[in-house]
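> structure for the following, please:
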Amino acid sequence: MPALFSITMVRTKKRKNRVWVYVVVNCPGKYFSILSIVFLFLAGSCRVVAAQSDEYLQAEGQQLVALANQARAQAGAPALKWDPALAQAALRHTRRMVSEGGAIQHDYPGELALSERAGLSGAHFNLIEENIAVGPTSPEIHDAWMHSKLHRENMLNPDVDRIGIAVIAKRGVLYATADFTRAVQSYSPAQVEEQVSSLVARSGIKVSSDHSLAREACTANRGFPHVENGAQPGFVMRWQNSDLSHLPDNLVQQLSSKRFREAAVGSCPASGEAGTFTAYRIAVLLY
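Predicted coordinates for the structure are as follows:
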């Protein structure tokens, strides 16, 4: 594949027993380094002089966080909060970029996808974005992201509120991964049922303490739970969402219809999320 840019100058400087290689790359009209963004893969490669430094640089990562929040403040976006789980996912991917060498990518052969890496690291989210880069210093990486439309949009996106960054020094340059998410509160199944029950109770309808039938209904895609003896529900609502702050409009309408006197709430594992994007599946039975 043809290189997207070429090295025009290399300087080495030894400091505190580390060899740092400063690389100036020449791209049309701009000074910046290798960049990539989710779903935008830049084909190319860059060879630099090998250096002796190979370490995880927490200070450089925190500097990128500070620079991102400064840029967000100037754009009127809220500050990003540090997410240790995202940082772990970013670190694993950065190590993979270092080990692979050559052109950086978001997904290498055999590697989990971005959402899976973050989800399995313990992050809870319903939106995720990623910037990756190789460059001489953290400020220069930040500047390159800010001068790339899609990278800038990721960093300044007002819909994300968490960040995790990892930076590793290798071959005289810095490899960086920045993951951004919109965080979702983590609930246990019992907490999901408690939260939804409290919303239902606001309508004045009594909520049953027995969740068994509603849990059974939750796992089914259609129909009513089979009941040998007892009342059948007159309405069943199933839904899946990451936001438990309000009820679906259709359920709100049924609750306000004055047709029902009692409700049962049940939670079950979300379907189709594969343990990555956080979502909760709930069923409400109305009697």
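> host element of the nearest residue to Leu67 once chain neighbours are set aside?
Nearest non-adjacent residue to Leu67, counting by Cβ to Cβ, 6 or more residues apart in numbering: His142, 4.3 Å away. Yep, even glycine has a C-beta here, placed from its N, CA and C like the rest. Element membership for His142, per DSSP states H and E: helix 138-146.
> which parts of that helix are buried?
For helix 138-146, a neighbour-count test (16 or more other Cβ atoms under 10 Å) marks Ser138, Glu140, Ile141, His142, Asp143, Ala144, Trp145, Met146 as buried.
> distance from it to the middle of the chain?
21 Å (Cα atoms, centre = their mean, to the nearest Å).
> next structured bit after that helix?
helix 149-156.
> okay, stretch 112-132 in CSV with CA atoms only?
What follows is stretch 112-132, C-alpha atoms only, in CSV (Å, rounded to 0.1, in the frame of the first residue of the first chain):
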residue,chain,number,x,y,z
LEU,A,112,-12.4,-8.2,19.9
ALA,A,113,-14.4,-5.3,18.4
LEU,A,114,-14.3,-2.0,20.2
SER,A,115,-17.6,-2.4,22.0
GLU,A,116,-16.6,-5.9,23.1
ARG,A,117,-13.2,-4.8,24.4
ALA,A,118,-14.8,-2.0,26.5
GLY,A,119,-17.8,-4.0,27.7
LEU,A,120,-15.7,-7.0,28.8
SER,A,121,-13.4,-4.6,30.6
GLY,A,122,-16.3,-3.6,32.8
ALA,A,123,-17.5,-0.3,31.1
HIS,A,124,-21.3,0.3,30.9
PHE,A,125,-22.4,2.4,28.0
ASN,A,126,-24.8,2.8,25.1
LEU,A,127,-22.5,4.8,22.8
ILE,A,128,-18.8,4.4,22.2
GLU,A,129,-16.2,6.1,20.0
GLU,A,130,-12.5,5.7,19.6
ASN,A,131,-9.5,7.8,18.4
ILE,A,132,-6.1,6.2,17.8
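> return the distance of it from the chain's centre.
4 Å.
> can you report how many residues lie near the nearest residue to Leu80 once chain neighbours are set aside?
Leaving aside its sequence neighbours, Leu80 sits nearest to Ile163 (Cβ to Cβ, 6+ apart; 4.0 Å). Ile163: 25 surrounding residues under other Cβ atoms under 10 Å.
> check which helix or strand covers Ile165.
Here Ile165 is assigned to strand 162-170, by DSSP H and E.
> kindly report the same for Asn131.
strand 125-135.
> next, the angle from that strand to strand 162-170.
Here the directions of strand 125-135 and strand 162-170 differ by 30 degrees (axes from the mean of the first three to the mean of the last three Cα atoms, to 10 degrees).
> what pairs with strand 125-135, parallel or antiparallel?
Here strand 125-135 is paired, per DSSP bridges, with strand 34-37 (antiparallel), strand 173-183 (antiparallel).
> please identify the deepest-packed of these.
Highest mean neighbour count of these: strand 173-183, a mean of 26 (counted as mean count of other Cβ atoms under 10 Å).
> which positions in the helix or strand following it come out as buried?
As assigned by DSSP H and E, the chain's next helix or strand after strand 173-183 is helix 189-201. Residues Pro189, Val192, Glu193, Gln195, Val196, Ser197, Leu199, Val200 are the ones in helix 189-201 that count as buried (16+ other Cβ under 10 Å).
> stretch 236-254 now?
Applying 16+ other Cβ under 10 Å to stretch 236-254 flags Val236, Met237, Arg238, Trp239, Asn241, Ser242, Leu244, Leu247, Leu251, Gln254 as buried.
> let's verify the residue lying farthest from the centre of the chain: helix, strand, or coil?
Of all residues in the chain, Asn229 sits farthest from the chain's C-alpha centroid, using Cα atoms, centre = their mean; the distance is 46.3 Å. Following DSSP: H, G, I helix; E, B strand; the rest coil, Asn229 is assigned to coil.
> nice, that's everything, thank you.
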